[in-house]
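Colleague: Test case, fold it:
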Amino acid sequence: MQSIYSYIKISSLLLCLGVFTVQAQKKTIEKPKDTTPEVPFFNGFTVQIDAASLVTTALIHGDSYSMEGAVQFNLKKKYYPIIEFGFAGADKISNDNVEFKTNAPFGRIGLDINLLKPKKDAKLTNNLFLAGVRLGMSNFAYSTTNLAITDDYWGNSQILNYNNQKSTKIWYEIVVGMKVEVIKHIYMGWNLRSKGLFKEDSQGNVYPWYIPGYGINTSSNWSGNYIIGYQF
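Modeller: As a prediction, this is how the structure comes out:
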């Protein structure tokens, strides 16, 4: 009788141990439930303008001017393809009385990525910290007039005018910036751009001083925008 009692006692102990082991394995295998809200693929688009270029063009009558806007699409609240377009020009007279003139439309295409990661169980924010790239292009005509050329040997000089010269420039931009939803559907923000030409002009040739959409014609350039936009 004592042996039967011991057998039942040991069997019960082993059964309890087995149940606890199975429960522990289940807890190990089961993954915590992801409560992050699912984000749709397409989340509308934003139409925006560069307020900085409008203000400087209207108030500061300098050597160059520019106006631009953009349409940016919202994919998964993570990826933001963008199409930018505008009109820019320059009218500059140098210290040697050489005059340069141009004006033309320009365009850019690119992609921004939102670097802000949503926190778990937190509501998705509409504020963005963006980094991206652009590919820009402008096909334009320009004029360089009253250009004095002196012959070092004979000492003679002549005035040359280069009117309606054609040029096409392609460049890249690295962009970083942020946008904040100040009122429902209305965004404001800024960005900084580092620019570079894919092909520079040969020295000794007549080339444009200013490139619409790019700025002053140097191998590298930079600019900034102050953005106001409405999301549809």
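Colleague: Strand partners (parallel or antiparallel) of the helix or strand hosting Ala88?
Modeller: Per DSSP states H and E, Ala88 falls inside strand 79-93. When pairing is defined by DSSP bridges, strand 79-93 lines up against strand 64-75 (antiparallel), strand 99-114 (antiparallel).
Colleague: among these, which is nearest Tyr187?
Modeller: Tyr187 lies closest to strand 64-75 among the strands paired with strand 79-93, at 9.6 Å (Cβ to Cβ). In short, each C-beta sits where N, CA and C put it, glycine included.
Colleague: how distant is that closest one from the center of its chain?
Modeller: 10 Å (Cα atoms, centre = their mean, to the nearest Å).
Colleague: Likewise for stretch 80-99?
Modeller: With Cα atoms, centre = their mean, you get 20 Å for stretch 80-99.
Colleague: if we can go back for a sec, out of the strands paired with strand 79-93, which comes closest to Tyr226?
Modeller: Among the strands paired with strand 79-93, if distance is taken as Cβ to Cβ, the winner is strand 64-75, at 11.5 Å.
Colleague: Could you tell me the end-to-end distance of stretch 39-59?
Modeller: End-to-end distance of stretch 39-59 (Cα to Cα, to the nearest Å): 43 Å.
Colleague: and it, how far out from the chain's middle?
Modeller: Using Cα atoms, centre = their mean, the offset of stretch 39-59 from its chain centre is 12 Å.
Colleague: for it, what is the average pLDDT?
Modeller: When pLDDT is averaged over stretch 39-59, the result is 91.
Colleague: buried stuff in that stretch?
Modeller: 43, 45-46, 48-50, 52-54, 57 (16 or more other Cβ atoms under 10 Å).
Colleague: same check, this time on stretch 68-83
Modeller: For stretch 68-83, using 16+ other Cβ under 10 Å, the buried residues are 68-70, 72, 74, 77-78, 80, 82.
Colleague: just stretch 179-187 next, same as before
Modeller: So, applying 16+ other Cβ under 10 Å, buried residues of stretch 179-187: 179, 181, 187.
Colleague: Let me see the contact set for the second one.
Modeller: The one in question is Glu181. Neighbouring residues of Glu181 by Cβ atoms under 8 Å, 6 or more residues apart in numbering: 126-127, 187, 231.
Colleague: which residues does it form a beta bridge with?
Modeller: Going by DSSP bridges, Glu181 forms beta bridges with Tyr187.
Colleague: any idea of the pLDDT on it?
Modeller: With respect to pLDDT, Glu181 has a value of 93.
Colleague: got a list of contacts for stretch 54-73?
Modeller: By Cβ under 8 Å, 6+ apart, stretch 54-73 touches 42, 44-50, 53, 80-92, 106, 112, 210, 212-213, 215-216, 225, 229.
Colleague: and that stretch, how far apart are its ends?
Modeller: 23 Å.
Colleague: How far does it sit from its chain's centre?
Modeller: Distance, centroid of stretch 54-73 to centroid of chain: 17 Å (Cα atoms, centre = their mean).
Colleague: same check, this time on stretch 130-146
Modeller: So, by Cα atoms, centre = their mean, the centroid of stretch 130-146 is 16 Å from its chain's centroid.
Colleague: What of stretch 211-231?
Modeller: 11 Å.
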